[in-house]
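Novice: I need the structure of the sequence given here:
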Amino acid sequence: VNSTMESGGAGEVRHWNADVNGVSLHVAEQGPAAGPAVLLLHGFPELWLSWRHQMAALAARGFRALAPDLRGYGDSDAPADPAAYTMLHVVGDVVALLDHLRLPKVVVVGHDWGAQVAWHFCLFRPDRVRAVVALGIPFFPRSPRPMAEMFAARGDGFYITQFQEPGRAEKAFARYDVATVLKKFYSLQLDDLAAPPGVEIIDFFEASSSPLPWMTEEELGQYAEKFQKSGFTGPLNYYRAMDT
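Specialist: Residues are numbered from 1 along each chain as shown. Predicted coordinates for the structure are as follows:
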């Protein structure tokens, strides 16, 4: 019996960094290296950690689960320029990662911004995709008008509009400790993510007073530790590159 079977079938999570497409990407991996590959792409404001339960389940069934920190996040590089966060860049990271691993095809799973990356990966490189799972974000074609212009109609309180201006959201977030900022996002139950006039979105969002039912305080601390180190500019730059 190999060690993978002895540990409940999942094995340990392995961590490594690869220089791909001009950035260093941190990747968490679980399951047999020879198993069919499943690439898991997280959303905002998350990390590879978002997939911890799915990775164990996939690994236990013989799949090779690969969960990178997308550029701008965690232990991956975070270019300062919003222009480095277009879909061509981020999908380019994914393709270069597959080349690095010599994987001709993968099943790709994406949540939130990761789903946007997954859809565009399918569009740009269908030859590299076995199947796609998209969570939270449907496919929508390129807008005929700039997206920031469309969102501007919803007023200055709309979160994506507030995220456009470099430094604005970072300054507002900095009034709270990082764990609180994350908990405010993870607690969201609003239908409309728009603050009243003159209010910053992070001040409008409320953090649940009780622990989140699906995340321990220790796990929240693991996320906070990484965002404390890497900051929020990289993650926010995805929104700033939207029009491109």
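Novice: below-threshold pLDDT in the chain: ranges please.
Specialist: Scanning the chain for pLDDT under 70 picks out 1-9.
Novice: quick one, helices of it?
Specialist: Per DSSP state H, the chain carries helices over the ranges 3-6, 52-60, 87-100, 113-124, 147-152, 159-164, 168-173, 178-186, 201-204, 217-230, 233-240.
Novice: just checking, what packs against the third one?
Specialist: I take that to be helix 87-100. strand 14-20, strand 23-30, strand 37-41, strand 64-68, helix 113-124 (3 or more CB pairs under 8 Å, 6 or more residues apart in numbering; DSSP states H and E). To be clear about C-beta, it is placed using only N, CA and C from the backbone, and glycine gets the same treatment.
Novice: out of the ones you listed, which is closest to residue 86?
Specialist: Closest to residue 86 of these is helix 113-124 (CB to CB; 9.6 Å).
Novice: buried set for the closest one?
Specialist: 113-122, 124 (16 or more other CB atoms under 10 Å).
Novice: send me it as PDB with only the CA atoms.
Specialist: This file holds the C-alpha atoms of helix 113-124, laid out as PDB (Å, rounded to 0.1, in the frame of the first residue of the first chain):
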ATOM      1  CA  TRP A 113     -12.500  35.700 -11.200                       C
ATOM      2  CA  GLY A 114     -11.100  32.200 -11.600                       C
ATOM      3  CA  ALA A 115     -14.200  31.300 -13.600                       C
ATOM      4  CA  GLN A 116     -13.500  34.300 -15.900                       C
ATOM      5  CA  VAL A 117     -10.000  32.900 -16.400                       C
ATOM      6  CA  ALA A 118     -11.500  29.400 -17.000                       C
ATOM      7  CA  TRP A 119     -13.900  30.700 -19.700                       C
ATOM      8  CA  HIS A 120     -11.100  32.700 -21.500                       C
ATOM      9  CA  PHE A 121      -8.800  29.700 -21.300                       C
ATOM     10  CA  CYS A 122     -11.500  27.700 -23.100                       C
ATOM     11  CA  LEU A 123     -11.800  30.500 -25.700                       C
ATOM     12  CA  PHE A 124      -8.100  31.100 -26.200                       C
END
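Novice: roughly how far out does that helix sit from the chain middle?
Specialist: Its chain's C-alpha centre and that of helix 113-124 lie 12 Å apart, by CA atoms, centre = their mean, to the nearest Å.
Novice: and if you look at stretch 70-80?
Specialist: That offset, for stretch 70-80, works out to 10 Å (CA atoms, centre = their mean).
Novice: what's the burial count for residue 217?
Specialist: Residues near residue 217, counting by other CB atoms under 10 Å, number 10.
Novice: would you mind measuring from it to residue 68?
Specialist: In this view, residue 217 and residue 68 are 26 Å apart by CB to CB, to the nearest Å.
Novice: could you do residue 117 as well?
Specialist: From residue 117 to residue 68 the distance is 10 Å (CB to CB).
Novice: got any residues that touch both of those two?
Specialist: Residues touching both residue 117 and residue 68 (CB atoms under 8 Å, 6 or more residues apart in numbering): residue 41.
Novice: quick one: contacts for residue 111?
Specialist: Contacts of residue 111 (CB under 8 Å, 6+ apart): 41-43, 46, 50, 135-137.
Novice: again, only using 7 Å
Specialist: 42-43, 50, 135-136 (CB atoms under 7 Å, 6 or more residues apart in numbering).
Novice: any idea how far it is from residue 42?
Specialist: 6 Å.
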